[in-house]
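Trainee: Provided below for reference: sequence and predicted model.
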Amino acid sequence: MNEMIKLMLTRHAIRRFQPRQIEEDVLEQILQAGLYAPSAGNNQRGTIVVSQDKAVNLELGKLSRYMQFKDRDPAKVSHAISADQPSIQDDHTIMDGFYGAPTVLTVFARGGSYCHDDAAMMAENIWLAAHALGVGACYIGRTDEVFATEYGMETRRKWGVDDELVPVCNILLGYREGPEPHDKPRKEGRIIRA
Ligand SMILES: Cc1cc2nc3c(=O)[nH]c(=O)nc-3n(C[C@H](O)[C@H](O)[C@H](O)COP(=O)(O)O)c2cc1C
């Protein structure tokens, strides 16, 4: 099988991380892959913030978990996502929605109708590049809600992210703890040959 296709078919969401940080040259290659993602009109709207600050990542991760459940009882809204690499919906005792990942990326994109598309393109490039280099990754949503909080707004100000940039997603990076997750079966009937 073609190597690129193989990477796409073997990529998984990784949520259990070793504490060791990823090497700078590995991170650089992953970020470069993000910058080379396609963008609408070649406007290159996306900006990636790299945070390796444990305290900040934990605070943002806790807010991300909070946004998932808000005032609801986690036991009543959950469904099984991954037994190998449990999410906050699988294991309610996980209080950090960023799962202790040593590197947390936040993808912001300049506002406009294509900002989410551009950011998602960057995210997938980053996820695949990480996988190609043996680094585990996971996409995390609810980033807009996290950065709408007081702490989120203060953090983006500290990072020097201008007000025009829309927070779209987080991507967690780190070396996987535990075995390679099992493949998840694909739902049938999702291709219609017209
Ligand atoms: C738009 C999007 C949002 C996601 N948000 C979260 C999230 O908030 N927390 C999480 O643990 N995983 C999140 N994921 C990862 C998915 O749960 C994961 O991709 C899915 O379960 C399929 O597993 P796989 O990536 O291993 O194929 C998200 C993925 C996408 C594409």
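Mentor: Sure thing, it's come through.
Trainee: same for the longest helix anywhere in the chain, what does it pack against?
Mentor: If each helix of the chain is counted by residues according to DSSP state H, the longest one is helix 115-132. Under the contact definition 3 or more CB pairs under 8 Å, 6 or more residues apart in numbering; DSSP states H and E, helix 115-132 sits against helix 3-10, helix 24-35, strand 46-51, strand 103-110, strand 136-140, strand 165-174. Backbone N, C-alpha and C define where each C-beta goes, glycine included.
Trainee: which other residues reach the helix or strand bottoming out on mean pLDDT in the chain?
Mentor: Of all the helices and strands that make up the chain, helix 74-77 has the lowest average by mean pLDDT, DSSP states H and E, namely a mean of 79. If you take CB atoms under 8 Å, 6 or more residues apart in numbering as the criterion, helix 74-77 is touched by 69, 88-89, 92.
Trainee: could you dump the longest helix of the chain to PDB, C-alpha only?
Mentor: Taking only C-alpha atoms (Å, rounded to 0.1, in the frame of the first residue of the first chain), the coordinates of helix 115-132 have been written out as PDB:
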ATOM      1  CA  CYS A 115     -11.500  30.300   8.800                       C
ATOM      2  CA  HIS A 116     -12.800  26.900  10.000                       C
ATOM      3  CA  ASP A 117     -12.000  25.200   6.700                       C
ATOM      4  CA  ASP A 118      -8.400  26.500   6.700                       C
ATOM      5  CA  ALA A 119      -7.800  25.600  10.400                       C
ATOM      6  CA  ALA A 120      -9.200  22.100   9.900                       C
ATOM      7  CA  MET A 121      -6.900  21.600   6.900                       C
ATOM      8  CA  MET A 122      -3.900  22.600   9.000                       C
ATOM      9  CA  ALA A 123      -5.100  20.300  11.800                       C
ATOM     10  CA  GLU A 124      -5.200  17.300   9.600                       C
ATOM     11  CA  ASN A 125      -1.800  18.000   8.100                       C
ATOM     12  CA  ILE A 126      -0.400  18.300  11.700                       C
ATOM     13  CA  TRP A 127      -2.100  15.100  12.800                       C
ATOM     14  CA  LEU A 128      -0.800  13.100   9.900                       C
ATOM     15  CA  ALA A 129       2.700  14.600  10.100                       C
ATOM     16  CA  ALA A 130       2.800  13.800  13.800                       C
ATOM     17  CA  HIS A 131       1.700  10.200  13.100                       C
ATOM     18  CA  ALA A 132       4.400   9.900  10.400                       C
END
